[in-house]
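Engineer: Sequence plus the predicted model coming up.
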Amino acid sequence: MINQFKNYLKEKIEITDEQFDSISADLKIKKFDKNEIVQYTGDISKHGFFVCKGLMRTYSIDSKGKEHILQFAPENWLISDRNNMNNEASIFFIDAIEVTEVVVMPNDFIEQAAIKVPCLQPMHTRLLNNSIRFMQKRINMLLSATAEERYLDFIKLYPNLTLRVPQWMIASYLGITPESLSRVRKELANKHFRP
Amino acid sequence: METNIREVEHVLKAPAPHMVGDGFRVHNFFPSGYEIDMSPFFLMDYGSKIEFSARKEPRGVGIHPHRGFETVTIAYHGAVAHHDSAGNSGIIYPGDVQWMTAASGILHKEYHEEAYSLAGGAFQMVQLWVNLPAKDKMSKPKYQAIKQADMSKYILPNDGGHIEIIAGNYNDVKGTASTFTPIELYNARLNQGAKISFNFNSKFNTGFMMIEGSIKINDSVIANQDTFTHFKNKGEHIEIEALENSVVLILSGEPIHEPIVQYGPFLMNTDEEINQAISDYNQGKFGYIEE
């Protein structure tokens, strides 16, 4: 499992096995059950997760009890509540949708590791940029895009999740009702299905 | 004659069950339960006999796609209803077999049939995934709904029971279903004391699923209910004797020697074909069904 994280880093930066060994002592492997809640709102967690196998999500629950999914994290995604970086309480729940194996990363992992392996710092900046770009696009989608546009963007980003999560979770992520998602899928089928 | 006996490799116990949706409690004998080569049979889920309580809202498994293979559903107890995105629907009753060629793509759902669900009761099924050769993977989907009354049968002498030939050929009785590659698939319904024999090409992967009762194989190995007997690929001749009234699902097929890439409900030859299947599914090319 730890090798998967090593390979993930190797795809992004020049890092030798020896360098990786010098920073990996602070990393732990953990396994979560299906539907296990890993982090609650109000928690101040000292770590985030790199998903090796399985699927996780961050979400909030509103005053009416409705869930709103912020992010899915399948294999090779990072997932955390960034409030914890400032030692503030989580505003999201994190749970495992499938049986999931993760690398547990302390919140200051990159900071500390970059002392030993300096090229981690520019990589980290690139990842943060990507993440902000992703968030900007996601906010814009939620403000301005039609249900169909949101769905088409979703299947580009997460092609196989339509086979892994129930419809209501996809609708929750897209900020539309399950009925609207059904309508979108029905209209697409009407356009493309040739029995 | 003796040298031509096809020997038993293993008598395998049913692995721990898991739920498919909320309606199908199945033991997967392969590919996850045991690493055995049963090609062209890619998967066998065995729903051992259990009692479901009566329920108004039928249990089942929701909408899902398939591409690249066939599903063969064999009902022993209980009844299953299905609907697909091309508008087909039907009910599989005990003794019936549904041979569904998903091939280029089907989107369907499978549920306990309404009247059965309302009454509850015993439920026992087998579902096989039969692989298709590359040249047929994208052929047109089709169904062969084989009712018990229409099933080809070979009657055994001396009140020994009978053999239902779902596919293939047993003692010149031709099976009801047509297949893409050579496959023998029978339900042997045997009375206690019945003795029968089979001859299968030694290259054909062969196994017996014990649905009910107990049999003695080649006068040496005993197979009890809920076990799967996997044979060696050597020799052809198999003899069995029913130690009690028994039902045996008999599988034998010519292996398909092609690369397999599976992702969830898709069974293709390459990663690219899998990605294409996922994309086609997302784009609605498998159609649409209401929840």
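Structural biologist: Thanks, I have the structure now.
Engineer: Can you tell me the closest non-neighbouring residue to residue A:40?
Structural biologist: Spatially, and ignoring its direct neighbours in sequence, residue A:40 is nearest to residue A:93 (6.0 Å; CB to CB, 6 or more residues apart in numbering or on different chains). Just so you know, the C-beta spots here come from the backbone N, C-alpha and C atoms, and that holds for glycine as well.
Engineer: same question, residue A:87
Structural biologist: Nearest residue to residue A:87 in three dimensions, chain neighbours excluded: residue A:44, at 6.2 Å (CB to CB, 6+ apart).
Engineer: same thing with residue B:246?
Structural biologist: In space, residue B:246 is closest to residue B:213, 2.8 Å off (CB to CB, 6+ apart).
Engineer: so how far is residue A:94 from the one you found?
Structural biologist: According to CB to CB, to the nearest Å, residue B:213 stands 51 Å off from residue A:94.
Engineer: Which one's more surrounded, the two?
Structural biologist: residue A:94 (26 against 19; other CB atoms under 10 Å in any protein chain shown).
Engineer: so that one bridges to which residues?
Structural biologist: Under DSSP bridges, the beta-bridge partners of residue A:94 are residue A:39, residue A:58.
Engineer: so it makes contact with residue A:38?
Structural biologist: Yes: using CB atoms under 8 Å, residue A:94 makes contact with residue A:38 at a distance of 4.8 Å.
Engineer: Next, show the common contact partners of those two.
Structural biologist: A:49, A:56 (CB atoms under 8 Å, 6 or more residues apart in numbering or on different chains).
Engineer: Residue B:286 in helix, strand or coil?
Structural biologist: Three-state assignment for residue B:286 (DSSP: H, G, I helix; E, B strand; the rest coil): coil.
Engineer: Look at stretch B:174-193 and report the distance between its end residues.
Structural biologist: End-to-end distance for stretch B:174-193: 25 Å, by CA to CA, to the nearest Å.
Engineer: gap between residue A:136 and chain B?
Structural biologist: To chain B, residue A:136 is 24 Å away according to CB to the nearest CB, to the nearest Å.
Engineer: Quick check: next helix or strand after the helix or strand in which that residue is found?
Structural biologist: Using DSSP states H and E, residue A:136 maps to helix A:120-144. Per DSSP H and E, helix A:120-144 leads on to helix A:147-157 as the next helix or strand towards the C-terminus.
Engineer: And for the residue nearest the centre of chain A, nearest residue in space, chain neighbours not counted?
Structural biologist: In chain A, the residue lying closest to the centroid (CA atoms, centre = their mean) is residue A:73, at 3.1 Å. Leaving aside its chain neighbours, residue A:73 sits nearest to residue A:79 (3.8 Å; criterion: CB to CB, 6+ apart).
Engineer: And the pLDDT for the closest residue to residue A:74 other than its chain neighbours?
Structural biologist: Closest residue to residue A:74 apart from its sequence neighbours, by CB to CB, 6+ apart: residue A:55 at 5.1 Å. Confidence at residue A:55, expressed as pLDDT, is 98.
Engineer: which residues touch residue A:55?
Structural biologist: Per CB under 8 Å, 6+ apart, neighbours of residue A:55: A:72-74, A:96-98, A:100, A:161, A:164-165.
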